[in-house]
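S.K.: Provided below are the primary sequence and the corresponding predicted coordinates.
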Amino acid sequence: MRGEQCIKRNLQYAKTKAKLAEFSVPQEQYPLFQSTPDDLYFNAMHALSSYVNAELSSLQPDDETIVELKKAAAFYDASSNSSDHEQCKDGFWLLAMATYFLLENFGSAAVASDYVEKPFWYGQMSAKLYFLVRYLLKGEEPNEELELPKFVDFIQGCDTSPDEVVDEAAGLLNYDGVESHLFGKVCYVAIGTAMKFAARSLLPEFSGSDISRWGHTSRRKVHAVCCGRLRKASRWRALLLGRVFLYSSQQVLEKRAVSSC
């Protein structure tokens, strides 16, 4: 069975099981399901791999690739309260976290990270993605496991160029092993997603001022505001956008309002 067909079938099974549990149907009365959530793991990796391969090839993922990734995300939604993945729940939640983040569903990615107890379940790269998500979405301080100083400097508005961040992230693509290689690619694409929302990316675009005109003092002040007040005020997406200048967000809304007139 093709990967996307298996994902669709498992999604149907998960929704059915969720309804059976909702109405307190005894498990011995459940119909015979011909697969388990474990069957999805390989197919979820296939969906993730197809998506990141398209991104790494500088190609926009096609509609089919995006749909399959969304199906995997829908499966995680339906299976989140199931006990079927209890024995490998860290693997389940790490894959769910990665899928949600790539779809820019940052709220679900943050929630999924809360359920991960063993971030090294899939090796060093899965742990790196976990700590990346915790840093961006939960406000945790970057630790030695994250080990992406150029990226952290860029997010905080320091004098670091995008090319330096990309060169640093490229080192994540050189790990052996199927799982580490996959999560290395996911990390690389996730870093690119985070850079889109960073102050150094949005400030020049929406303020009309080059980043070099902002002194260190100004950056420190705005970064403190973003990581504090904005994060508390704007819920999950702001936990990532909390690294972005408030001024930039206001300019986005103003531009949209003008264009709609």
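M.R.: The structure has been received and is ready for your questions. Residues are numbered from 1 along each chain as shown.

S.K.: so where does Ala98 fall, helix or strand?
M.R.: Mapping Ala98 onto the secondary structure by DSSP states H and E places it in helix 89-102.

S.K.: Now do that helix: everything it contacts.
M.R.: Residues outside helix 89-102 that contact it (Cβ atoms under 8 Å, 6 or more residues apart in numbering) are 37, 41, 44-45, 47-48, 51-52, 69, 72-73, 76, 79-80, 85, 106, 108-109, 112-113, 115-119, 121-122, 126, 129-130, 133, 183, 186, 189-190, 193. For glycine as for every other residue, the C-beta is placed from the backbone atoms N, C-alpha and C.

S.K.: and if you look at stretch 123-141?
M.R.: In this structure, residues lying in contact with stretch 123-141 by Cβ under 8 Å, 6+ apart are 94, 97-98, 101, 106, 109-110, 113, 116, 119-120, 142-143, 145-148, 152, 155, 172, 175, 177, 179-184, 186-187, 190-191, 194, 227, 231, 236, 239-240, 242-243.

S.K.: What about the contacts of helix 89-102, which are in helices?
M.R.: Filtering the contacts of helix 89-102 for membership in helices, criterion DSSP state H, returns 41, 44-45, 47-48, 51-52, 69, 72-73, 76, 79, 106, 108-109, 112-113, 126, 129-130, 133, 183, 186, 189-190, 193.

S.K.: Report the buried members of these.
M.R.: Among the ones in helices among the contacts of helix 89-102, the ones that count as buried by 16 or more other Cβ atoms under 10 Å are 44-45, 47-48, 51-52, 69, 72-73, 76, 79, 106, 108-109, 112-113, 126, 129-130, 133, 183, 186, 189-190, 193.

S.K.: List the buried residues for the strand or helix carrying Leu136?
M.R.: Using DSSP H and E, Leu136 sits in helix 124-138. Buried positions in helix 124-138, judged by neighbour count with 16+ other Cβ under 10 Å: 124-137.

S.K.: Helix 106-114 and that helix, what's the angle between them?
M.R.: Helix 124-138 and helix 106-114 are oriented at 120 degrees to each other (axes from the mean of the first three to the mean of the last three Cα atoms, to 10 degrees).

S.K.: Give the rounded mean pLDDT of helix 124-138.
M.R.: Looking at helix 124-138 alone, the average pLDDT works out to 94.

S.K.: Extract the CA atoms of the next helix or strand after it and return them as PDB.
M.R.: As assigned by DSSP H and E, the chain's next helix or strand after helix 124-138 is helix 149-155. Taking only C-alpha atoms (Å, rounded to 0.1, in the frame of the first residue of the first chain), the coordinates of helix 149-155 have been written out as PDB:
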ATOM      1  CA  PRO A 149      25.000  30.200  18.100                       C
ATOM      2  CA  LYS A 150      24.600  32.000  14.700                       C
ATOM      3  CA  PHE A 151      20.900  31.100  14.600                       C
ATOM      4  CA  VAL A 152      20.300  32.300  18.100                       C
ATOM      5  CA  ASP A 153      22.200  35.600  17.400                       C
ATOM      6  CA  PHE A 154      20.100  36.100  14.300                       C
ATOM      7  CA  ILE A 155      16.800  35.500  16.100                       C
END
